[in-house]
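[1] Please work out how this folds:
(one chain, ligands or ions: 1)
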Amino acid sequence: MFIKESHVYSEDTILSEVVVVGSGAGGSTIAKELAAKGRKVTLLERGRYHRLGTEMRALKFYTGHFMKIKPGELSRGNVELLRTIMMGGSTMVTLGNGVRALQEEFQSMGLNLEKELSETERELGVAPIPEDLMGERTRILKRASEELGYKVKPMPKFVDFSRCTNCGMCVTGCSYGAKWTAQNYIAEARKHGARIMTESEVTHVIHSGGEVKGVKVRSKSGSFELEAEHVILAAGGIGTPRILQRSDLDSGSDLFADLFVNTFGLVEEANWGEEMGMATMIDEFHESEGFLLSPILDTKVHMLLYLPLLMKRRAFKRGKTLGLMTKIKDDHSGYVSQDSIEKGVTERDRRRLERGIEISEQILTKAGAKESSLYTTPVRGAHIGGTAGMGRVVNLDQETEISGLFVSDASVFPSAPGAPPVLTIIALSKRLSDLLHREYL
Ligand SMILES: Cc1cc2nc3c(=O)[nH]c(=O)nc-3n(C[C@H](O)[C@H](O)[C@H](O)COP(=O)(O)OP(=O)(O)OC[C@H]3O[C@@H](n4cnc5c(N)ncnc54)[C@H](O)[C@@H]3O)c2cc1C
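    Numbers count the residues shown, from 1 in each chain. So this is what the prediction gives:
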């Protein structure tokens with residue numbers, strides 16, 4: 001069953017009905033669900049476990065550019081794309097925001113995700129952040145927004161608030177175990193007998209005669225092939241299309257990233273401490289104008305890296321800084337190839353960003369920030385997907401043109417959610433696991 005090159009595995013150690021590629025939101029769900037149903041699952045993850053909680057540690061697992069000291073990859077088009085290669089994927093660095101994204105769009109395609117979304121919310125303990133845990137900046141911005149007539153909602157979070165210290169370091173990975181991550185699901189998968197292999201990068205899917213046969217894997221100790229009856233790709237919006245392309249399967253277009261900018265202003269007399277980011281949101285423009293606003297503060301090293309030379313001192317004035325993120329539903333106009341990513345800002349994206357910045361500036365000045373101190377960051381994106389879209393690369397069962405080869409990550413989203421996607425990726429993966437168990441395996 002297992003064809004080895006430089007590895008020595010005994011056949012019964014590695015025999016699996018299902019090979020899952022990637023341990024993020026999608027892959028961890030499939031592994032947990034199918035292992036719990038008694039299926040033989042092997043999960044292959046390119047990254048490894050990392051220590052969490054500081055910016056220096058985080059630079060090791062963000063994909064990075066500029067000698068890897070900047071966290072994101074730079075696309076052609078100058079958009080910085082944020083993702084991590086590690087056990088748990090990008091779920092390790094979320095802000096714990098748990099909202100239902102694209103539910104109606106999937107419904108209109110014939111996919112009712114209500115049951116799976118409810119189950120996900122229960123398992124992850126999604127709840128709005130209580131008002132008494134909101135930080136000072138969040139409250140000040142809430143008050144200013146409401147005075148201007150905007151509706152501010154508490155953000156639903158998959159965070160155990162009793163363990164959260166409000167350290168504001170979610171994006172470096174939570175070192176208090178307060179936030180749900182895919183590692184929680186991986187632990188359950190392992191408990192149910194799934195085999196988890198770290199530092200194992202899948203390079204190709206092996207197929208012949210229109211049927212999947214297995215995967216080719218590159219690991220520290222050599223390359224090998226693994227036979228499988230079913231392969232589920234969940235290597236994320238960049239990883240998945242690259243594997244498909246190397247396997248002669250068309251994919252990689254329609255890339256979105258939920259582009260965002262942060263607008264900051266200084267309140268000279270303030271001296272605020274750290275707090276949880278994105279604790280509230282203004283979503284009244286999401287339907288009509290395609291953007292969300294939410295309070296945010298970037299980490300110190302990150303600010304030092306992206307601020308223009310004459311503004312770098314700002315990184316040491318975080319205690320006086322108020323910030324709002326504008327996150328848009330961007331055009332799925334990008335492309336992932338083997339050695340580059342094309343993702344620019346279209347005219348419609350620019351209009352959406354500008355409208356969000358305009359309202360952010362209005363709120364920030366109302367909250368006491370000096371107009372001359374307003375600064376908006378370069379454009380970044382952190383919700384990467386669309387590159388193996390449903391109806392384009394996979395069908396409604398998330399199966400590719402190769403029988404037995406499925407995709408279950410943000411790549412299958414038909415368009416940008418413009419909102420946190422984790423709950424929806426998990427819901428889709430639960431639905432697929434059920435379908436595989438009942439009809440395919
Ligand atoms: C800073 C930041 C904050 C975010 N905050 C939120 C939030 O608050 N709420 C929210 O809903 N979303 C948030 N997101 C987005 C969310 O994390 C991602 O959309 C989600 O994790 C994507 O899930 P996925 O399964 O598509 O991919 P991932 O979770 O990225 O998983 C892909 C996995 O595949 C592995 N892999 C890649 N290539 C290979 C290969 N060839 N072989 C084997 N393994 C491979 C990767 O290492 C990774 O573990 C945030 C993202 C970032 C970067």
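[2] Name the residues of the protein found near the ligand, please.
    Contact residues, the chain versus the ligand (Cβ under 6 Å from any ligand atom): 21-27, 44-47, 82-83, 85-86, 89-91, 93-97, 171, 201-202, 234-237, 239, 243, 382-383, 409-410, 420-422, 425. (C-beta placed from N, C-alpha, C; glycine too.)
[3] Could you turn the buried ones of those into a PyMOL selection?
    A single PyMOL command suffices to select whichever of those are buried according to 16 or more other Cβ atoms under 10 Å:
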select buried, resi 21+22+23+24+25+26+27+44+45+46+47+82+83+85+86+89+90+91+93+94+95+96+97+171+201+202+234+235+236+237+239+243+382+383+409+410+420+421+422+425
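[4] Filter the residues of the chain next to the ligand down to the ones in helices?
    Secondary structure from DSSP state H places 25, 26, 27, 236, 237, 239, 243, 422, 425 of the residues of the chain next to the ligand in helices.
[5] Now flag whichever of these is closest to residue 265.
    Distance ranking of those against residue 265, using Cβ to Cβ, places residue 422 first at 29.7 Å.
[6] So what's the predicted local confidence for that closest one?
    Looking at residue 422, its pLDDT is 98.
[7] Excluding covalently adjacent residues, which one is nearest to it?
    Nearest non-adjacent residue to residue 422, counting by Cβ to Cβ, 6 or more residues apart in numbering: residue 25, 5.0 Å away.
[8] residues in contact with the one you found?
    Neighbour list for residue 25: 89, 90, 91, 182, 234, 409, 410, 421, 422, 425, 426, 429 [criterion: Cβ atoms under 8 Å, 6 or more residues apart in numbering].
[9] Burial check on residue 151, number of neighbours?
    Residue 151 has 10 neighbouring residues, counting by other Cβ atoms under 10 Å.
[10] which element is residue 206 on?
    Assigned by DSSP states H and E, residue 206 belongs to strand 200-208.
[11] What are the buried residues along that strand?
    Result for strand 200-208 [16+ other Cβ under 10 Å]: buried residues 200, 201, 202, 204, 205, 206, 207.
[12] among those residues, which two are most distant?
    Within the buried residues of strand 200-208, two members stand farthest from each other by Cβ to Cβ: 200 and 207, at 19.4 Å.
[13] Grab the nearest non-local neighbour of the residue in the stretch 201-350 of the chain positioned nearest to the ligand.
    Residue of the stretch 201-350 of the chain nearest the ligand, by Cβ to the nearest ligand atom: residue 239 (2.8 Å). Spatial nearest neighbour of residue 239, chain neighbours left out: residue 22 (6.3 Å); criterion: Cβ to Cβ, 6+ apart.
[14] who's in contact with that neighbour?
    Shown in contact with residue 22 (Cβ under 8 Å, 6+ apart): 44, 45, 46, 89, 233, 234, 235, 236, 239, 240, 409.
[15] Near the fifth one, how many other residues are there?
    Spelled out, that is residue 233. So residue 233, with other Cβ under 10 Å, has 33 neighbours.
[16] is it true that it touches residue 244?
    Yes - here residue 233 lies in contact with residue 244, judged by Cβ atoms under 8 Å, at a distance of 7.1 Å.
[17] Touching both of these two, which residues are there?
    By Cβ under 8 Å, 6+ apart, residue 233 and residue 244 have these common neighbours: 205, 388, 407.
[18] could I get those as a markdown table with pLDDT?
    Shown next, in a markdown table, are the shared contacts of residue 233 and residue 244 (pLDDT from 0 to 100):
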| residue | pLDDT |
| --- | --- |
| 205 | 98 |
| 388 | 98 |
| 407 | 98 |
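[19] for those, which one is nearest residue 34?
    Taking Cβ to Cβ as the measure, residue 34 sits nearest to residue 407 out of the shared contacts of residue 233 and residue 244, at 15.4 Å.
[20] can you tell me which residues contact that closest one?
    With Cβ under 8 Å, 6+ apart, residue 407 has these contacts: 232, 233, 234, 240, 244, 388, 393, 394, 398, 400.
[21] which stretches of the chain aren't confidently modelled?
    Under the criterion pLDDT under 70, the flagged ranges of the chain are 1-15, 67-69.
[22] Quick check: most distant residue from the centroid of it.
    residue 269 (36.1 Å; Cα atoms, centre = their mean).
[23] wait, is it part of a strand?
    No - checked against DSSP: H, G, I helix; E, B strand; the rest coil, residue 269 lies outside a strand; its state is coil.
[24] And for the residue in the stretch 251-400 of the chain positioned nearest to the ligand, nearest residue in space, chain neighbours not counted?
    Nearest to the ligand, among the residues of the stretch 251-400 of the chain, is residue 382, at 3.6 Å (Cβ to the nearest ligand atom). With Cβ to Cβ, 6+ apart as the criterion, residue 382 has its nearest non-adjacent residue at 4.3 Å, and that residue is residue 82.
[25] distance of that neighbour from residue 63?
    8 Å (Cβ to Cβ, to the nearest Å).
[26] Give the intersection of the neighbour lists for these two.
    The overlap between the contact sets of residue 82 and residue 63 (Cβ under 8 Å, 6+ apart) consists of 71, 72.
[27] ok so, going back, Throw the buried residues of strand 200-208 into a markdown table and include distance to residue 32, thanks.
    Compiled in a markdown table, the buried residues of strand 200-208 are given as follows (distance: Cβ to Cβ, whole Å):
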| residue | distance to residue 32 |
| --- | --- |
| 200 | 18 |
| 201 | 22 |
| 202 | 19 |
| 204 | 26 |
| 205 | 22 |
| 206 | 25 |
| 207 | 26 |
